[in-house]
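Q: got a predicted model here, sequence first, then my questions.
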2 protein chains.
Amino acid sequence: MGMNRVLEQPILSGREQAIEALEAFIRDGQYAPGDRLPPERELMVQLGMGRTQLRRALEALEMEGVIWRHVGKGTFIAKDSAAGSLSALSRRVSPVHMMRARLSLEPAITREAAIHASHDRIIPLRICIDRSEDAATWDEYEAQDDAFHRGIALATQNELLLALFDQLNQVRRAIAWKTVERATDRPPHDHNSFVQHRAILEAIEARDADRAHAEMRTHLGSVEKRLFGGF
Amino acid sequence: MGMNRVLEQPILSGREQAIEALEAFIRDGQYAPGDRLPPERELMVQLGMGRTQLRRALEALEMEGVIWRHVGKGTFIAKDSAAGSLSALSRRVSPVHMMRARLSLEPAITREAAIHASHDRIIPLRICIDRSEDAATWDEYEAQDDAFHRGIALATQNELLLALFDQLNQVRRAIAWKTVERATDRPPHDHNSFVQHRAILEAIEARDADRAHAEMRTHLGSVEKRLFGGF
DNA sequence: ATCCCCATATTGGTCGACCAATATATCCGA
DNA sequence: TCGGATATATTGGTCGACCAATATGGGGAT
């Protein structure tokens, strides 16, 4: 029953399509910071969309700092080229870099969780582990795995760290993974993430920040190895 | 010549004002996930703005995942309550939590920089340090300090880590700091950040990831202590 | 030749009418 | 009485005309 499962590219809303078309236009036109884009009424013709839709895309890019607009002047590429949407970032980030970012942020978050977690933030972590071990399918397992990791970010009691985790997670989810071929319908009983999750939880419960940090690094190191194979 | 310098609340654009008004409306109305907001034509009256402006704010919140909209159905609070704009986050995050988030992310970023920095990413770091030591005003110093920290994020050669750093930095900048009273116009020659910056750079140059991590923690620990005083 | 003022053109922003999707009410037939 | 079809109301989305801010060009005075 082993089958390849290929995650489909997410279906894009009208706005997202408009944003992508505009981003492609800017990229293909090789605009530099400070350059002026064509006027809206020209641009909507060139991109084959209505002015309302174009304005939505322009609005989005302006909010992200990619462009700035001024009545009577025009629309310009902003100076800071690092700006951009998370979805644009998802298209640029390689799986390796995404994994390195996880290896950087999540152990630090786990350390903070060990210091700050309250009792009512620890209980859900245990529940996630129990459920992931009982999962009947990989989908179920992955949902609980996700909840476990986010539960740790919640346990930091720091909304900024949670926000950064969520941003990282959003990029992770948007990257279309071609998943490895699986020989079973569900994780085997000796799936190493099970013991690794428990080790992380124990470190958090023990308030051992350094161990929590190390256990999360170990766990994500295994995930990385599984994804990219031997070094 | 010592004077208190209070950073002013940033001037908000029309769109930002509209977003804030809408966010306040949602917050004060105690809407729960799944709740339906009043129709646009009602809402614009209640908020005292045109429909176009309201739609811009709604568009922004929808992009951030705070709400979802559907023709003929209405506008609803999204399930995931963790979503929100960075500017909204800036208003919620305490300086202590922001500092904890820096202490979590920046040492990890510095570790990655020690591993991945290329020669042409290290040179600008040295230049920032030289310039910060020569700074004639606190403003100049802070500009170079900012550039140093971002230079490290650039040195990771990981656009996702850079993006996360930029998000963190944006929140930091948006928090209106009441700066400490300063006895001098510029940093003293024995300002401890100077030697700390050099120690960080040396660790990066030496490719010593653990030392880089530790030196950045030390540096930010000093920053934290300076901001919040003794423990 | 240069500068200033005014008229016109151009650009992004707003408005009200209308459109497309959905909810709700009403009517009719079994 | 109930269920299905239809009409009407409601909701967010789009369009074209117009508005507000800015750029540009031309003419007249110095």
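A: Perfect, I can see it now. Residues are numbered from 1 along each chain as shown, chains lettered A, B, ... in the order given.
Q: what's the longest helix in chain A?
A: helix A:95-116 (DSSP state H).
Q: buried sites along that helix?
A: In terms of neighbour count (16 or more other CB atoms under 10 Å in any protein chain shown), helix A:95-116 has its buried residues at A:97-114, A:116. The way it works is simple: take the backbone N, C-alpha and C, and place the C-beta from them, glycine included.
Q: and chain B, which of the residues you listed contact it?
A: A:97, A:98, A:100, A:101, A:104, A:105, A:107, A:108, A:109, A:111, A:112 (CB under 8 Å from any CB of the partner chain).
Q: for chain A, just list every one of the strands.
A: All strands of chain A, identified by DSSP state E, fall at A:67-70, A:74-77.
Q: okay, these in a markdown table with distance to residue B:49 and mean pLDDT next?
A: As requested, these are exported to a markdown table (distance: least, CB to CB, whole Å; pLDDT from 0 to 100):
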| stretch | distance to residue B:49 | mean pLDDT |
| --- | --- | --- |
| strand A:67-70 | 19 | 93 |
| strand A:74-77 | 24 | 94 |
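Q: just to revisit the earlier point, chain center to the longest helix of chain A, what's the gap?
A: On the basis of CA atoms, centre = their mean, to the nearest Å, helix A:95-116 sits 13 Å off its chain's mean C-alpha point.
Q: return the most buried member of the strands of chain A.
A: Highest mean neighbour count among the strands of chain A (mean count of other CB atoms under 10 Å in any protein chain shown): strand A:74-77, with a mean of 16.
Q: with just CA atoms, put that strand into CSV.
A: C-alpha atoms of strand A:74-77 as CSV (Å, rounded to 0.1, in the frame of the first residue of the first chain):
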residue,chain,number,x,y,z
GLY,A,74,3.3,57.2,-9.6
THR,A,75,4.3,53.8,-8.2
PHE,A,76,7.9,53.1,-7.3
ILE,A,77,10.1,50.2,-6.2
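Q: how close does the residue in chain A sticking out farthest from the centre get to residue B:67?
A: No residue in chain A sits farther from the centre than residue A:72, which is 38.3 Å out by CA atoms, centre = their mean. Distance of residue A:72 to residue B:67, computed by CB to CB, to the nearest Å: 32 Å.
Q: so chain A: which segments form each domain?
A: Listed domain ranges for chain A are A:14-86, A:93-228 (source: automatic domain parsing).
Q: follow-up on the earlier one: so the longest helix of chain A versus helix B:95-116, what angle?
A: 140 degrees (axes from the mean of the first three to the mean of the last three CA atoms, to 10 degrees).
Q: which elements pack onto helix A:95-116?
A: Under the contact definition 3 or more CB pairs under 8 Å, 6 or more residues apart in numbering or on different chains; DSSP states H and E, helix A:95-116 sits against helix A:138-155, helix A:159-174, helix A:192-205, helix A:209-228, helix B:95-116, helix B:159-174.
Q: which bits of chain A sit near DNA strand D?
A: Proximity of chain A to DNA strand D (CB under 7 Å from any atom of the strand) is limited to residues A:14, A:50, A:51, A:52, A:53, A:56, A:70, A:71, A:72, A:73.
Q: for residue A:190, give me phi and psi.
A: In terms of degrees, to the nearest 10, the main-chain angles of residue A:190 are phi -100, psi 20.
Q: give me the number of residues near it?
A: Neighbourhood size, residue A:190 [other CB atoms under 10 Å in any protein chain shown]: 7.
Q: how far away is it from DNA strand D?
A: Distance, residue A:190 to DNA strand D, using CB to the nearest atom of the strand, to the nearest Å: 49 Å.
Q: which helix or strand in chain A has the lowest average pLDDT?
A: helix A:86-92 (a mean of 71; mean pLDDT, DSSP states H and E).
Q: name the nearest residue to residue A:47, ignoring sequence neighbours.
A: residue A:21 (5.2 Å; CB to CB, 6 or more residues apart in numbering or on different chains).
Q: and what of residue A:33?
A: In space, residue A:33 is closest to residue A:79, 4.6 Å off (CB to CB, 6+ apart).
Q: could you give the number of residues near that neighbour?
A: Neighbours of residue A:79 (other CB under 10 Å): 11.
Q: likewise residue A:201?
A: Neighbours of residue A:201 (other CB under 10 Å): 23.
Q: how about the residues of chain A by DNA strand C?
A: Residues of chain A lying near DNA strand C (CB under 7 Å from any atom of the strand): A:37, A:39-42, A:55, A:58, A:69-75.
Q: what about chain A, any weak spots by pLDDT?
A: A:1-12, A:80-88, A:176-182, A:230-231 (pLDDT under 70).
Q: kindly export stretch A:13-29 (C-alpha atoms) in CSV.
A: C-alpha atoms of stretch A:13-29 as CSV (Å, rounded to 0.1, in the frame of the first residue of the first chain):
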residue,chain,number,x,y,z
SER,A,13,-7.3,33.2,-4.7
GLY,A,14,-7.9,35.9,-7.2
ARG,A,15,-5.9,38.4,-5.1
GLU,A,16,-3.0,36.0,-4.8
GLN,A,17,-2.9,35.5,-8.5
ALA,A,18,-2.9,39.2,-9.1
ILE,A,19,0.0,39.6,-6.6
GLU,A,20,1.9,36.9,-8.3
ALA,A,21,1.4,38.4,-11.7
LEU,A,22,2.5,41.8,-10.4
GLU,A,23,5.6,40.3,-8.7
ALA,A,24,6.5,38.4,-11.9
PHE,A,25,6.1,41.6,-13.9
ILE,A,26,8.5,43.5,-11.5
ARG,A,27,11.0,40.6,-11.5
ASP,A,28,11.0,40.1,-15.3
GLY,A,29,11.1,43.9,-15.9
